[in-house]
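Predicted model follows, preceded by the sequence.
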Amino acid sequence: MHALLLEGSPKTPSVRFDPENGSLELRGRSIPENSIDFYKPLTDWLDEYARSPRPRTSLHVQLEYFNTSSSKCILDLFKRLEALRAMGNEVEVLWHYEADDEDMLEAGEDYQAIINVPFRMIEIEEVDD
């Protein structure tokens, strides 16, 4: 199985899904023209990964912003991780948010409340560009 690597753009997050170490990353902004089209390769990749996962899988989510249609697609990713966990695998979501971004913290907490996967909220310092 190959890694899934997508370069980020002003409208789409960068994606680094590495099957060798079970490390998945989603970073940047998620406001694609068509969220379903953008996220389909990610969910397909996770479906394939679930056939032969690492004993431990971690998803790092560090989004500055995501729109409503992206939130549904992100939930689909989490549901696949939840199924992976239900099969006896160790799964964790690391939700990174900027210290002054209460909306992003709340979004992580909302997902945490509805998905049966351990979440770790990680506050990051603002980085000046």
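Yep, it's here. Residues are numbered from 1 along each chain as shown.

Where does pLDDT dip in the protein?
The chain contains residues with pLDDT under 70 at 126-129.

Please, where are all the strands along it?
4-6, 14-18, 23-30, 56-66, 90-98, 119-124 (DSSP state E).

Which one, of the ones you listed, ends up nearest to residue 73?
Nearest to residue 73 among the strands of the chain is strand 23-30; the distance by CB to CB comes to 8.1 Å. Where you see a C-beta, it was placed from the backbone N, CA and C, and this is true even at glycine.

Kindly point out the strands partnered with that closest one and how each is oriented relative to it.
strand 14-18 (antiparallel), strand 56-66 (parallel) (DSSP bridges).

ok, residues contacting the last one?
So that's strand 56-66. By CB atoms under 8 Å, 6 or more residues apart in numbering, the surrounding residues in contact with strand 56-66 are 13, 22-31, 49, 74, 77-78, 81, 84, 89-98, 104, 107-108, 124.
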